[in-house]
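# from the sequence below, what's the structure:
(2 chains)
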There are 2 protein chains.
Amino acid sequence: MRLMSTVLLGAVLAGCQQPVCGDCGPDAMPPEPAAPTETAAAPDFTNIPDWRPVDPENLLLIETQDGTVAVELSTVFAPNHAARMRDAARAGFYDGLSFYRVIDGFVVQGGRGEGEGTAALEAFPPLTREFVAPAEGVSFTPMIDPDHYTDTVGHVDGFAAGMNAAGDEVWALHCPGVMAMARDNDPDSGDAEFYIVTGQAPRYLDRNMSIFGRVIDGMEHVQAVRRGDRNIKSGVIAPEDGPDPILSMRIAADLPASERPAYEIMDTRGQAFHAAKARYRNRTHEFFYETPPAVMEACHMPAPARRLEPANASEPVTP
Amino acid sequence: MRLMSTVLLGAVLAGCQQPVCGDCGPDAMPPEPAAPTETAAAPDFTNIPDWRPVDPENLLLIETQDGTVAVELSTVFAPNHAARMRDAARAGFYDGLSFYRVIDGFVVQGGRGEGEGTAALEAFPPLTREFVAPAEGVSFTPMIDPDHYTDTVGHVDGFAAGMNAAGDEVWALHCPGVMAMARDNDPDSGDAEFYIVTGQAPRYLDRNMSIFGRVIDGMEHVQAVRRGDRNIKSGVIAPEDGPDPILSMRIAADLPASERPAYEIMDTRGQAFHAAKARYRNRTHEFFYETPPAVMEACHMPAPARRLEPANASEPVTP
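Numbers count the residues shown, from 1 in each chain, chains lettered A, B, ... in the order given. This next block holds a predicted model:
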């Protein structure tokens, strides 16, 4: 299987990370630590492949003026909201609407500007909140690192996630790239208006929003979306000022095989991700004058994604 | 004094922050808490104005294809590096060079791509590291919040900053918008190549780099700079692939008064900033279904900046 383009979102993985490039060849890459120890007991990686395919039914493709943004929908955290996005995308609800509220360093919000999409909304009534999900049956891989916002952080299915002290609830964290449903004060008022987090993780929103996906490719196109002024109508761009359009939203499974992009995500339960976390924490490269504390924040390492060549794309799991 | 455009970078200040806008009028803004208590002892705000002007000698203006980026140079953290940027900008060193290493979610790096600027570099020999600064004489306003990377975090002159346990060293934190000098493995090898942090704060670089400034306006233009592929030469964009140019870099003091932008920064020692931090921590708005923990991370609230109308711009402090 050949890689057409490898996208490693977020943190330090294969690449040389120092902000200078004179010595960025393979020789200068930080050596892997001899013995990564994520937990006291050695985790069992048996039967967990390093990468897993993205189900084309969960692959949302947002066309912007700058390029295509690929989002993996979660079936764990907010399944009804993910289903809503699938339905609304398939109905063409978003095509031609706009990214109408955009605050640099916070969110790109879209889908229902003033007067936009109102008629079509009748088909998409408000949804009951999915702020947390039952932990039962969910594979949560804890991190050893502390967190300011909750008891335990870790990963679920590629998403940075939190778990409560009782261990019976999980939720996705508000890390950059996360996609969630906007709402009014009523927690059960989200319908079809979404936002994508673009800035330093606004973790205070954790457990207050229904997070249904995360960007796995094309985050640079989200960053290129035209901004509003956060002090004028909270970042809303008036229609006459020309907010960027949402050209279209599609579900990858609906595209002809020849046009359908395919991705793999590093399995956050697996050995490769485990080793990547250990490398993040243990920076032994001679570049470091001061050895950083051996800590990693949950939003520092979204699961890497890689795009496969179309010819090798697998068939949709759910056609 | 009238405001032409108010730029509140980063965190939740005046604006309504919930990612939905149906109720974003003034009525929906979170009420200010009755009694902000930043420290056990009530801080003394006597003689500290809420805002201070930016010295035009410390105002670096970077022209990109997308717009102007305004950076305030620090005279505290890395004065020799700030002086280098002033000198190199004045010499026209950067004009026509490129943003040649750009990794989404990490940094925009520029100033000396392969073969770029080499001859002119003779005038700018490597500088001795300025990774930390003596705390003596520096006004450090501590936060009450915990931090994963150091003993105490707080603010110095608008920058999020760290302080060691002994209290004799301070340094700027690697928050989004921070501008620093790139270097090779030799800690004393930085000369004129810079980077601007664009992603989730890479705090592991704290005390390893000479931070000399931070973006106070135009971060959206930094986010619009063309990206490289982090897996190809660590994000370096080959000259034939057309990295975005640095059109020019200027020091505001050198511009005619009529063209010179002027900014004010919220004084991080003052009452307004103190209250803003308290509002960030204490979210009592009815929007919140789950009350967030009363915590603020150091990179969540860069000091707000606002641009003044040219007619009201003050004269350069150091012409």
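# doesn't A:Ile265 make contact with A:Leu308?
No. Using Cβ atoms under 8 Å, A:Leu308 is not in contact with A:Ile265, being 11.5 Å away. (Each C-beta comes from the backbone N, C-alpha and C, glycine too.)
# A:Met266 and chain B, how far apart?
Per Cβ to the nearest Cβ, to the nearest Å, A:Met266 is found 13 Å from chain B.
# next one: that residue, what pLDDT does it get?
At A:Met266, the model reports a pLDDT of 97.
# okay, now the unreliable bits of the stretch 101-250 of chain A?
Scanning the stretch 101-250 of chain A for pLDDT under 70 picks out A:113-119.
# helices of that one, start to end?
A:219-223 (DSSP state H, counting those that start in this stretch).
# show me where it has strands.
A:101-103, A:107-110, A:133-134, A:141-142, A:152-156, A:159-163, A:169-172, A:178-181, A:194-197, A:210-217, A:248-251 (DSSP state E, counting those that start in this stretch).
# not counting sequence-adjacent ones, nearest residue to A:Glu130?
Excluding the flanking residues, the one nearest A:Glu130 by Cβ to Cβ, 6 or more residues apart in numbering or on different chains is A:Ala78, at 3.7 Å.
# swap that for A:Gly154, please
Nearest residue to A:Gly154 in three dimensions, chain neighbours excluded: A:Pro142, at 3.9 Å (Cβ to Cβ, 6+ apart).
# mind listing what the one you found touches?
A:Thr39, A:Thr152, A:Val153, A:Gly154, A:Met163 (Cβ atoms under 8 Å, 6 or more residues apart in numbering or on different chains).
# filter these to the buried ones?
Among the contacts of A:Pro142, those classed as buried by 16 or more other Cβ atoms under 10 Å in any protein chain shown are A:Thr152, A:Val153, A:Gly154, A:Met163.
# ok, now how distant is the last one from A:Thr141?
It stands for A:Met163. Separation of A:Met163 from A:Thr141 (Cβ to Cβ, to the nearest Å): 10 Å.
# what's the answer for the third one, then?
Plainly put, A:Gly154 is 5 Å away from A:Thr141 if you go by Cβ to Cβ.
# isn't A:Phe77 right up against A:His174?
No. With contact defined as Cβ under 8 Å, A:Phe77 does not count as touching A:His174 (11.9 Å).
# returning to that earlier point: and the strands of the stretch 101-250 of chain A as TSV, adding distance to B:Ile216?
Output for these, formatted as TSV (distance: least, Cβ to Cβ, whole Å):
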stretch	distance to B:Ile216
strand A:101-103	16
strand A:107-110	21
strand A:133-134	40
strand A:141-142	39
strand A:152-156	32
strand A:159-163	30
strand A:169-172	32
strand A:178-181	27
strand A:194-197	22
strand A:210-217	27
strand A:248-251	35
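# what's the closest of those strands to B:Arg90?
Taking Cβ to Cβ, strand A:101-103 is the member of these nearest to B:Arg90, at 34.1 Å.
# distance from the chain centre to the closest one, please.
18 Å (Cα atoms, centre = their mean, to the nearest Å).
# next one: stretch A:262-269
12 Å.
# run through who's touching it.
Residues contacting stretch A:262-269 (Cβ under 8 Å, 6+ apart): A:45, A:48-54, A:56, A:59, A:70, A:72, A:139, A:141, A:155-158, A:216-217, A:252, A:272-273, A:276, A:303-308, A:310, A:312-314.
# among these, which lie within strands?
Assigned to strands by DSSP state E, the following of the contacts of stretch A:262-269 qualify: A:51-53, A:59, A:70, A:72, A:141, A:155-156, A:216-217, A:305-308.
# ok, and of those residues, which contact chain B?
Among the ones in strands among the contacts of stretch A:262-269, no residue is within reach of chain B (Cβ under 8 Å from any Cβ of the partner chain).
# buried subset of the residues you listed?
Buried members of the ones in strands among the contacts of stretch A:262-269, counted by 16+ other Cβ under 10 Å: A:51-52, A:59, A:70, A:72, A:141, A:155-156, A:216-217, A:305-308.
# what is the end-to-end distance of stretch A:197-204?
End-to-end distance for stretch A:197-204, by Cα to Cα, to the nearest Å: 13 Å.
# cool, stretch A:103-122 as well?
OK, stretch A:103-122 end separation, Cα to Cα: 28 Å.
# distance check, the residue lying closest to A:His148 once chain neighbours are set aside against B:Phe273.
If the residues on either side of it in the chain are set aside, A:His148 comes closest to B:Val295, at 4.8 Å by Cβ to Cβ, 6+ apart. Note on B:Val295: its distance to B:Phe273, by Cβ to Cβ, is 17 Å.
# for A:Thr291, give me its contacts.
Contacts of A:Thr291 by Cβ under 8 Å, 6+ apart are A:Arg283, A:Thr284.
# overlap of the contact sets of A:Leu308 and A:Ile265?
What both A:Leu308 and A:Ile265 touch, as defined by Cβ under 8 Å, 6+ apart, is an empty set.
# so A:His81: helix, strand or coil?
Secondary structure for A:His81, judged by DSSP: H, G, I helix; E, B strand; the rest coil, is helix.
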